[in-house]
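# Output the structure for:
(one chain, ligands or ions: 1)
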Amino acid sequence: MRISDMGMNYLSLSIRDVSSLLKQKTISSLELCNAALKRQNAVAKLHPFITHTPDLARESALHSQKRYDRGEQNLPLDGIPVAVKDNFCTSGIPTTCGSVMLQNYIPTYSATVVRRLQKAGAVIVGKTNLDEFGMGSGTTDSTFGPSKNIYRSGVEYNFLHPSREYDNILSRIPSTALENGDWYVTGGSSGGSALAVASGTTFLALGSDTGGSVRNPSSYCGVVGLKPSYGLVSRFGLISLVNSLDVPGLFGRYVDDVATMLSVVSGLDPQDSTSVSSDLQNLKLPENPSLDGLIIGIPREYHWPGMSKEIVDEWTKVADLMEDSGAQVREVSMPHTQYSIICYSVLNPCEVASNFTRYTGVGYGHRVSASHSMEAMYAFTRSSGLNEVVKGRILAGNYFLLRENKSKYFKQALKVRRLISEDFSKVWASGVNLLLTPVTLSTAIRYSEFQNLDNRTQTATQDICTQAANMAGVPAVSIPVSLNTEGLPVSLQLIGQWGKDPAMLSAAKWVEQNVKFPRINILE
Ligand code: GLN
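Numbers count the residues shown, from 1 in each chain. Reported below is the predicted structural model:
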């Protein structure tokens, strides 16, 4: 690593590199924290954060600095800036879920994942923007306003490892989207977290993935986004959307960084009965992973109508690259994948209807007082505290769960979910180790185009390649692989067997090393 090449831009380094600089005292934890906070201001107009936590960040950076000064060097994320999606409870810090309902809510406890990050020395720099309660795929439906993609936003960047091909793209494309008012969406619902990482305000970020909310924005913002196996990472303190599908997800610029984060946050939590024990505490991916002996499946059903040619081309290119490098690549069939959108559109509202009964204005959050009755107070509170998308899902869920409808919709959807999950089991049983698929049908689209479709239709379009992995509880990771001719990131997804997250991440690291995605370096 040559620091001089990076214009002393510590915020673009990998965790391993920046940690070694912290150990050598080339920089201090406080300096790194201040650089991250300064970067937050530089990109504030893109709106990655809902809440900034500079005082708390400086305080933990100082603690970290003292540990380095004392020569204590064994915390895996000591001094590393990390951002947290604003649907994870953070003790003493507002946790809004991007909603009026919780805009004044300050939890008295922190999510297990947040506590584990802090215990590992991480410096929490803020809470990131999201679609209200995680319902969306653009980060356009937050009560605090949308997040805007850094690509082509007008914020200046060059590439970390310059190559003529990409520099030509950069010089050719106009990057005035913010001034035009027609910027590119970040994807969602964890768009703030993806953007926070892409723009270098933080090295890592927490998100949540119920149907694709980590992988979708990762793919649009050119970062690595992991949805771990269901149960591997505790959901305690993650405000529930769909308990049976929700998974805390991890964002980073490098696969190794995400693996380090996984080693810190994973494992049994007595406060989450769906969590499992793991032995990933010392997870370290191989320096040079190999594909020898791996069988990669290409599910033909993921070739959806409407998928852009550049995505299909990249998919083919990377599959060929893997085949030429020792993997066996074969086409597989997952016939029930096509039903995942419809199945999700029943399961999601059913669990939402049940989860959202807690927002009454009594226990916490927003309250509208009504003197005449308790019921009126509930009704006014819910009607003014939740957006149309949330209210629509509550209504739909209650309809699906009516006594006369339950077997027709909810129970039927559970059966379809089982079939979708069995497609995965069958493919694994045939010897396939990993699946390679696209993440989205296209690269990031402009806000004006995104707004042409309503939230429900967007979810049906955006999540088409991501939801099935949630249905089956298997791990999946989005990896940026190239820039298209407009200079926007193209990403691909690897899906693995339940509990085999490390093997999947090793293959992701192989892809990362071989595609050489041009990471951006923000110029200030
Ligand atoms: N687009 C999906 C939805 O709106 C994704 C949700 C998620 O993964 N949090 O439900």
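# Return the helix or strand in the chain with minimum mean pLDDT.
Using mean pLDDT, DSSP states H and E, helix 177-180 stands out as the lowest-scoring helix or strand of the chain, at a mean of 76.
# Pull the distance from it to the chain's centre.
Between the centre of helix 177-180 and the centre of its chain there are 25 Å (C-alpha atoms, centre = their mean, to the nearest Å).
# again with stretch 114-133
Relative to the chain's own centre, stretch 114-133 is displaced by 13 Å; criterion: C-alpha atoms, centre = their mean.
# so is the residue of the chain found nearest the ligand in a helix, a strand, or just coil?
The ligand sits closest to residue 213 of the chain, with a gap of 2.9 Å, by C-beta to the nearest ligand atom. Every C-beta, even on glycine, is put in place using the N, C-alpha and C of the backbone. Here residue 213 is coil, with the state taken from DSSP: H, G, I helix; E, B strand; the rest coil.
# With adjacent residues omitted, what lies nearest to it?
What sits nearest to residue 213 in space, not counting adjacent residues and going by C-beta to C-beta, 6 or more residues apart in numbering, is residue 189, at 4.2 Å.
# so that neighbour sits right up against residue 246, yeah?
No. Applying C-beta atoms under 8 Å as the test, residue 189 and residue 246 come out as separate, 11.4 Å apart.
# what is in contact with the two at once?
Residues within reach of residue 189 and of residue 246 at once, by C-beta atoms under 8 Å, 6 or more residues apart in numbering, are residue 208.
# So between those two, which is more surrounded?
residue 189 (37 against 24; other C-beta atoms under 10 Å).
# and that one, what does it touch?
Residues near residue 189 by C-beta under 8 Å, 6+ apart: 130-131, 134-137, 139, 208, 213, 217.
# tell me the pLDDT at it?
Predicted confidence (pLDDT) for residue 189: 98.
# ok, now residue 460?
At residue 460, the pLDDT value in this model is 84.
# Next: the one 10 residues further on.
In this prediction, residue 470 carries a pLDDT score of 98.
# Run through the residues that contact it.
Neighbouring residues of residue 470 by C-beta under 8 Å, 6+ apart: 209-212, 227, 230, 245, 247, 344.
# Mind checking which of those are in helices?
residue 344 (DSSP state H).
# where in the stretch 201-350 of the chain is pLDDT low?
In the predicted model, the stretch 201-350 of the chain carries no residue with pLDDT under 70.
# wait, what's in contact with the spatially most central residue of the chain?
In the chain, the C-alpha nearest the mean C-alpha coordinate belongs to residue 214, at 2.3 Å (C-alpha atoms, centre = their mean). The neighbourhood of residue 214, defined by C-beta under 8 Å, 6+ apart, consists of 190, 193-194, 207-208, 225-227, 249-251, 478.
# cutoff 10 Å now
85, 187-190, 193-194, 205-208, 223-228, 247-251, 466, 476-478 (C-beta atoms under 10 Å, 6 or more residues apart in numbering).
# Could you see whether the ligand lies near the helix or strand following the least confident helix or strand of the chain?
The first helix or strand that comes after helix 177-180 along the chain, using DSSP states H and E, is helix 191-198. No. Helix 191-198 is not in contact with the ligand by C-beta under 6 Å from any ligand atom; minimum separation 10.9 Å.
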